[in-house]
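Engineer: With the input below, show me the fold.
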Amino acid sequence: MKPRSWPVIVAAIFFVLSPAGLRPLRAQTTASPPAATSEVLRLVELLKAKKVLSEQEAAEIARAGSEQEASQRLAALLVSKGVLSVREYAQLTGEAADPPAAPAAAAVSAAPPASSLAVAMPAPKPSATAPAAQAPAVVPAFVPLRVLPVGPVKRESVPAVVSVGPLRLQPYGFIKMNVIHDTSEPTGDDWPPPGFFGTDSGPNAAPEFHLNARSTRLGTRFEWLDNNKNLTLTGDIEFDFEGDFTRVDNRNASTIRSSQPSLRLAYTRMDYQVSPHLSVFGLFGQDWSPFCSSTLSVTVETMLIGGGYGDCWERVMQTRTGFSYNFGGSRNVTLQPEFAITYPGLGGNPTLGQGNGLGNQLGYGERLGADSNKPEFQSRLVVQFQLDRAPGVAPAQLVASGMIGRGEAVVLGSQVPAAFLADFPHGARTGFRTAGVTAEAQLPTRWVTVQGKWYQGQALRYYFAGDFLNTFNDTQGLLSVVTTPDIDGAVTVAFGCAVPLVSGVCPAGQARLAPLEPVRAVGGFGELIFPLSRLFGADPNGRNAGWTLALHYSIDQARARDLRRVFATTGGRYKNDWAFAQLQYKMNRFVTFIFEEGYYRTRAISGLNGQLPLFRGLPARSWHNNRSQFATLFTF
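Structural biologist: Okay, here's the model as predicted:
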């Protein structure tokens with residue numbers, strides 16, 4: 001905006017928003033929304049043309065139920081942007097109190113997602129010069145976790161908590177303490193993996209008690225203020241303490257409390273505003289995957305976040321691009337397609353080392369995806385709209401995503417069984433395809449937020465789905481089958497002969513590699529989250545404004561015909577489901593208490609000979625765990 005236009009704009013604001021200026025308009029106001037020719041909306045159009053207001057902020061003001069409400073919304077926004085001071089606001093409205101908070105929809109679009117237990121991202125802190133805002137007129141509805149925001153990142157959306165020239169930094173994080181009791185945890189972990197995970201429970205169900213603070217999280221958001229006002233440059237670095245425990249002599253006695261930090265997010269993002277409705281972006285680094293990660297459970301357990309029980313997700317190295325188009329209207333519809341090239345992770349478990357040994361191999365990670373010499377391709381399509389236009393309700397989202405990739409197992413010549421060396425003297429390679437699709441929804445209303453996800457795919461171990469399984473060897477039609485591990489021991493490769501062996505050797509030209517087939521799976525979850533304080537009319541400024549109840553059910557299931565190949569002789573896990581009820585009390589913006597009672601169950605499939613996995617030392621068809629977890633969360 002040109003400097004000389006400021007006096008005209010401020011004078012217009014004072015005339016239109018002052019009690020004297022509004023008096024003749026108020027006399028004409030009816031129960032219907034203000035007409036498009038009203039003085040307030042004319043001023044809104046002027047401020048939008050001058051880039052003072054965004055399209056979404058202008059639409060939110062236009063949805064006001066009366067001229068007075070529209071003027072109050074506009075005044076609050078102008079104070080938050082620094083156009084008006086608190087004293088000028090009081091002069092305009094005749095009120096001595098601080099201005100109310102900006103409209104809820106604008107706040108949701110401008111700030112990162114804030115009210116999730118799974119990620120617990122704090123809302124941006126106001127700058128030191130910003131006016132204090134009063135609590136909302138109503139208790140806000142539940143805001144779903146949104147790790148992949150829709151729409152452009154706005155310029156100066158990162159408050160300058162620390163500022164170095166054009167660089168703005170906003171530290172954030174939380175300190176979290178968990179108290180956990182499991183009625184059955186055979187693996188000894190303090191997070192809940194599926195049952196029948198290769199470990200018997202011993203003479204009883206193996207109940208366990210744990211405390212941990214490893215979920216504590218720290219991060220910093222960045223923004224570089226470019227000279228181009230339409231370009232926004234942001235970034236994020238985030239880590240927690242869910243890494244491995246130290247194993248050095250001076251710390252062995254205290255290993256259980258000496259977990260090491262590990263990287264969660266590390267990316268930069270560029271957003272360019274092409275027009276008031278259209279923006280494009282590019283993201284480079286490690287972020288939540290477009291496939292499967294848009295909708296996450298609100299569980300208090302942030303380690304694995306329901307992995308193995310129907311909540312697939314991942315954070316992955318990627319280069320992602322897309323655009324968003326805001327159609328506007330009373331529902332503020334936004335469409336956002338995205339495409340990403342990602343690291344082809346398969347989630348393998350290396351057990352062998354090459355070159356410098358196992359430690360070096362584990363340092364670089366599993367090789368199944370990288371050895372395919374191809375990236376993984378992912379895409380996502382989001383439609384966002386205002387389902388419920390009541391105050392304090394976030395927009396709804398409908399999401400579809402997909403991915404396709406490939407894994408490849410390498411067998412060295414020294415690992416080829418002797419009977420098959422004639423046809424594989426230098427080793428062998430075999431591969432398989434990974435693929436998946438999802439349909440996801442987040443539907444917030446003033447009464448209840450409904451969210452859920454459905455997925456289907458193959459070789460989904462990397463996304464914590466499909467019973468944590470990737471492949472099996474299809475040995476049908478082969479004789480004298482011998483298996484050997486691949487180059488890092490993440491999978492086994494089967495060699496067979498099309499005819500009987502001759503003197504213990506497969507005749508030349510008759511040796512075969514059994515195809516590596518991916519395990520197919522399906523699953524998903526559904527949740528109902530009730531804003532109890534809002535439903536019962538709690539005082540938004542009182543201590544009872546932060547009560548929330550969540551109900552959850554999810555399931556993850558692999559194809560039985562595939563599992564009969566994986567667990568041919570021993571039997572193994574087949575279907576995992578999970579239900580929980582969670583009560584949350586947010587005492588204030590910094591302190592939250594959560595209690596969650598969950599029921600975890602795994603059902604088994606028998607092997608070809610009828611054998612079942614062991615539980616309590618006996619063959620069993622099902623395992624279950626009642627998990628009670630209490631957490632205190634201090635957010636900053």
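
Engineer: hang on, residue 219 packs against residue 265?
Structural biologist: Yes: with contact defined as C-beta atoms under 8 Å, residue 219 reaches residue 265; the gap is 6.9 Å. Placement of C-beta: from N, CA and C, glycine included.

Engineer: overlap in contacts of these two?
Structural biologist: Residues touching both residue 219 and residue 265 (C-beta atoms under 8 Å, 6 or more residues apart in numbering) are 236-238.

Engineer: Residue 253: which of the residues you listed is nearest?
Structural biologist: Residue 253 has its nearest neighbour among the shared contacts of residue 219 and residue 265 in residue 238, at 30.4 Å by C-beta to C-beta.

Engineer: Next SSE downstream of the helix or strand harbouring the closest one?
Structural biologist: Taking DSSP states H and E as the definition, residue 238 sits inside strand 231-240. Using DSSP H and E, the helix or strand that follows strand 231-240 in sequence is strand 262-273.

Engineer: helix or strand right after that next one?
Structural biologist: Next helix or strand after strand 262-273 toward the C-terminus (DSSP H and E): strand 278-288.

Engineer: okay, the angle between that following strand and strand 262-273?
Structural biologist: Angle, strand 278-288 to strand 262-273, by axes from the mean of the first three to the mean of the last three C-alpha atoms, to 10 degrees: 180 degrees.

Engineer: hmm, who's touching the helix or strand following strand 278-288?
Structural biologist: Counting by DSSP H and E, the element after strand 278-288 in chain order, helix or strand, is strand 315-328. The contact list for strand 315-328, computed with C-beta under 8 Å, 6+ apart, reads 55-56, 59, 150-152, 264-265, 276-290, 293, 332-343, 345, 378, 380.

Engineer: Return the set of buried residues in strand 315-328.
Structural biologist: Judged by neighbour count using 16 or more other C-beta atoms under 10 Å, the buried positions of strand 315-328 are 315-318, 320, 322, 324-326, 328.

Engineer: what's the closest of those residues to residue 599?
Structural biologist: The closest of the buried residues of strand 315-328 to residue 599 turns out to be residue 315 (C-beta to C-beta; 27.5 Å).

Engineer: which among the contacts of strand 315-328 end up buried?
Structural biologist: Using 16+ other C-beta under 10 Å, the buried ones in those are 56, 59, 150-152, 264-265, 279, 281, 283-290, 293, 332, 334, 336-338, 340, 342-343, 345, 378, 380.

Engineer: Tell me which stretches of the stretch 451-600 of the chain form strands.
Structural biologist: Using DSSP state E, counting those that start in this stretch, the strands of the stretch 451-600 of the chain run over residues 471-473, 479-485, 492-497, 511-513, 516-518, 520-530, 547-558, 572-586, 591-605.

Engineer: For residue 447, find the nearest of those.
Structural biologist: Nearest to residue 447, of all the strands of the stretch 451-600 of the chain, is strand 520-530, at 7.7 Å by C-beta to C-beta.

Engineer: quick check: angle from the closest one to strand 572-586?
Structural biologist: With the same axes, to 10 degrees as the basis, strand 520-530 and strand 572-586 are set at 20 degrees to each other.

Engineer: what about residue 238, distance to residue 278?
Structural biologist: Separation of residue 238 from residue 278 (C-beta to C-beta, to the nearest Å): 29 Å.

Engineer: Kindly report the same for residue 351.
Structural biologist: Residue 351 is 50 Å from residue 278, by C-beta to C-beta.

Engineer: try residue 185
Structural biologist: Distance, residue 185 to residue 278, by C-beta to C-beta: 51 Å.

Engineer: Residue 69 in helix, strand or coil?
Structural biologist: Counting by DSSP: H, G, I helix; E, B strand; the rest coil, the backbone at residue 69 sits in helix.

Engineer: Which member of the shared contacts of residue 219 and residue 265 is positioned nearest residue 255?
Structural biologist: Of all the shared contacts of residue 219 and residue 265, residue 238 has the smallest distance to residue 255: 24.7 Å, by C-beta to C-beta.

Engineer: ok, the closest one - how many residues close by?
Structural biologist: Using other C-beta atoms under 10 Å, residue 238 has 21 neighbouring residues.

Engineer: Please report how far it lies from residue 520.
Structural biologist: Using C-beta to C-beta, residue 238 is found at 33 Å from residue 520.

Engineer: quick one: low-confidence parts of this structure?
Structural biologist: The chain contains residues with pLDDT under 70 at 1-38, 50-51, 65-66, 79-136, 353-364.

Engineer: domain ranges for it?
Structural biologist: Following automatic domain parsing, one finds the domains of the chain at 3-104, 162-635.

Engineer: which stretch among those domains comes nearest residue 138?
Structural biologist: Proximity to residue 138, assessed across the domains of the chain by C-beta to C-beta, is greatest for domain 162-635 (5.3 Å).

Engineer: so how far is that closest one from its chain's centroid?
Structural biologist: Centroid separation for domain 162-635 versus its chain: 10 Å, with C-alpha atoms, centre = their mean, to the nearest Å.

Engineer: winner for burial among the strands of the stretch 451-600 of the chain?
Structural biologist: Stretch with highest mean neighbour count among those: strand 471-473 (a mean of 25; mean count of other C-beta atoms under 10 Å).

Engineer: so which strand or helix has the closest residue to residue 179 other than its chain neighbours?
Structural biologist: Sequence neighbours aside, residue 630 is the residue nearest to residue 179 in space, at 4.7 Å (criterion: C-beta to C-beta, 6 or more residues apart in numbering). Per DSSP H and E, residue 630 falls inside strand 622-635.

Engineer: That strand pairs with which strands, and in what direction?
Structural biologist: Strand 622-635 has its sheet partners listed here by DSSP bridges as strand 167-182 (antiparallel), strand 591-605 (antiparallel).

Engineer: Relative to residue 434, which of those is closest?
Structural biologist: Among the strands paired with strand 622-635, the nearest to residue 434 by C-beta to C-beta is strand 591-605 (22.6 Å).

Engineer: That closest one vs strand 547-558, what angle?
Structural biologist: 20 degrees.

Engineer: do you know which of the strands of the stretch 451-600 of the chain lies nearest residue 399?
Structural biologist: Between residue 399 and those, the tightest spacing by C-beta to C-beta is seen for strand 520-530, at 12.5 Å.

Engineer: For that closest one, name the packing helices and strands.
Structural biologist: strand 449-458, strand 547-558 (3 or more C-beta pairs under 8 Å, 6 or more residues apart in numbering; DSSP states H and E).

Engineer: now the angle between strand 449-458 and the last one, please.
Structural biologist: Relative orientation of strand 547-558 with respect to strand 449-458: 20 degrees, computed using the same axes, to 10 degrees.

Engineer: For strand 547-558, which strands pair with it and how are they oriented?
Structural biologist: strand 520-530 (antiparallel), strand 572-586 (antiparallel).

Engineer: so which of those comes closest to residue 180?
Structural biologist: strand 572-586 (13.1 Å).

Engineer: Make a markdown table out of the strands paired with strand 547-558 and add distance to residue 539.
Structural biologist: Conversion of the strands paired with strand 547-558 to a markdown table gives the following (distance: least, C-beta to C-beta, whole Å):
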| stretch | distance to residue 539 |
| --- | --- |
| strand 520-530 | 18 |
| strand 572-586 | 14 |
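
Engineer: So which of those strands is nearest residue 611?
Structural biologist: Nearest of those (C-beta to C-beta): strand 572-586, 9.8 Å.

Engineer: In contact with residue 215: list those residues for me.
Structural biologist: If a contact means C-beta under 8 Å, 6+ apart, then residue 215 has 176, 178, 240-242, 302-303 as its contacts.

Engineer: mind checking how far it is from residue 39?
Structural biologist: According to C-beta to C-beta, residue 215 stands 52 Å off from residue 39.

Engineer: One more: residue 182?
Structural biologist: Distance, residue 182 to residue 39, by C-beta to C-beta: 64 Å.

Engineer: Quick check on those two: which one has the bigger neighbour count.
Structural biologist: Here residue 182 and residue 39 are set side by side on neighbour count (other C-beta under 10 Å), and the busier one is residue 182, at 23 against 19.
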